[in-house]
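Asks: Please find the sequence and the predicted model below.
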Amino acid sequence: MHPALRRFSKAHFFNYDKHGKDWNVKKGEKQSPVALSTETAIPSLAQKLKFINYNKMLVGPLKITNNGHTVIMSIPVVVDGNQPAVCGCKLKCLYKAVQLHFHWGSPENKGSEHMINCCRYDAEMHILHQNCAYALQNDAIMANDGFVVLSLMLRSVPHPKREPSIINRLLNELIHVRNAKQTRLLRGNFCLRDFVKDVERDEFFVYKGSLTTPPCREAVNWIVFTKPINVSENYIKSFWSLRDYRGSPLVNNYRSIQKLNHRCQDKITSVSGVFKLKTRAQEIAQI
Ligand SMILES: [Zn+2]
């Protein structure tokens, strides 16, 4: 077995006590998460990001699981048997949605993984998509174009004007998955669009990076939406009572900020569906 995959198979034993600084992972030059900035990012020409089957009902019931590191929801097929997927933008392939999960803080700390304009948000949701060219997840992990992760920042506010109902719905069930390995079914009809409909979907950062959990392989095209979603603070607080696989409080489950090294940041902005190139100060990262 490849050493990276062997490390992956031992992955249940990692924790966030040192935010990943003590993980036994081989680090390259393109690790994640990173600090992003709308000031230094380079506006770029690109097609719109396309959401395929995001508007079709998922074949439920949806299941959430406390896996000892996060709360994760597997993404099933939609009613016609196909998988929700993303393509477009600068992506060369189709990427099917596999699962979504969260990173969060504690009463003392905010807990998003990425930082935007020096701001760490209260929590971050990742929707993991796997390149359809790879049948097996292990093959995708070993490839540099294995995954696309859509990243949404969650901001805690006392009384949000617009509430992301499906995210609230999911967070409302966390009390039932307090301990590692506990699962809970979400009843009702949902589509994946429900999870992203409150975010400004035409403005995001794109960069090449890594998984933020062991083995931290540099297999990810990151798409980080610039604007956060407002979530009621009571729902954000519900993360803090979860327990990890050791029975310890599952809080602050974010990896520390990694160096950008030679990567540049692409900030892609939509202007009525037409993308305008404002500056091209340096080579734009291709994905
Ligand atoms: Zn994640």
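Replies: Okay, I see it.

Asks: State the distance from the most centrally placed residue in the chain to Val77.
Replies: Residue closest to the average C-alpha location in the chain (CA atoms, centre = their mean): His126, at 1.7 Å. Computed as CB to CB, to the nearest Å, the His126 to Val77 distance reads 20 Å. From N, CA and C alone the C-beta is placed, and that goes for glycine too.

Asks: Describe which strands the host helix or strand of the residue nearest to the centre of the chain pairs with in its sheet and in which direction.
Replies: Here His126, judged by DSSP states H and E, is contained in strand 123-131. Its sheet considered, strand 123-131 pairs with strand 95-104 (antiparallel), strand 147-157 (antiparallel) by DSSP bridges.

Asks: got JSON lines for the ones you listed, with distance to Val231, mean neighbour count and mean pLDDT too?
Replies: Below are the strands paired with strand 123-131 laid out as JSON lines (distance: least, CB to CB, whole Å; neighbours: other CB atoms under 10 Å; pLDDT from 0 to 100):
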{"stretch": "strand 95-104", "distance to Val231": "11", "mean neighbour count": "23", "mean pLDDT": "97"}
{"stretch": "strand 147-157", "distance to Val231": "5", "mean neighbour count": "23", "mean pLDDT": "96"}
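
Asks: Any idea which of these gets closest to Ile166?
Replies: For the strands paired with strand 123-131, the distance to Ile166 is smallest for strand 95-104, at 10.6 Å, taking CB to CB.

Asks: Name the next helix or strand downstream of the closest one, please.
Replies: strand 115-116.

Asks: pLDDT of that next one, averaged?
Replies: Mean pLDDT, computed over strand 115-116, is 94.

Asks: Please apply the same query to stretch 196-210.
Replies: Throughout stretch 196-210, pLDDT has a mean value of 90.

Asks: CA-only coordinates of the strand holding His126 in PDB, if you can.
Replies: Provided in PDB are the C-alpha atoms of strand 123-131 (Å, rounded to 0.1, in the frame of the first residue of the first chain):
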ATOM      1  CA  ALA A 123     -17.800  27.700  11.300                       C
ATOM      2  CA  GLU A 124     -17.100  26.400   7.800                       C
ATOM      3  CA  MET A 125     -19.100  23.900   5.700                       C
ATOM      4  CA  HIS A 126     -17.300  21.700   3.100                       C
ATOM      5  CA  ILE A 127     -19.100  20.000   0.300                       C
ATOM      6  CA  LEU A 128     -16.700  17.400  -1.100                       C
ATOM      7  CA  HIS A 129     -16.900  16.500  -4.700                       C
ATOM      8  CA  GLN A 130     -14.900  13.700  -6.300                       C
ATOM      9  CA  ASN A 131     -13.600  13.700  -9.900                       C
END
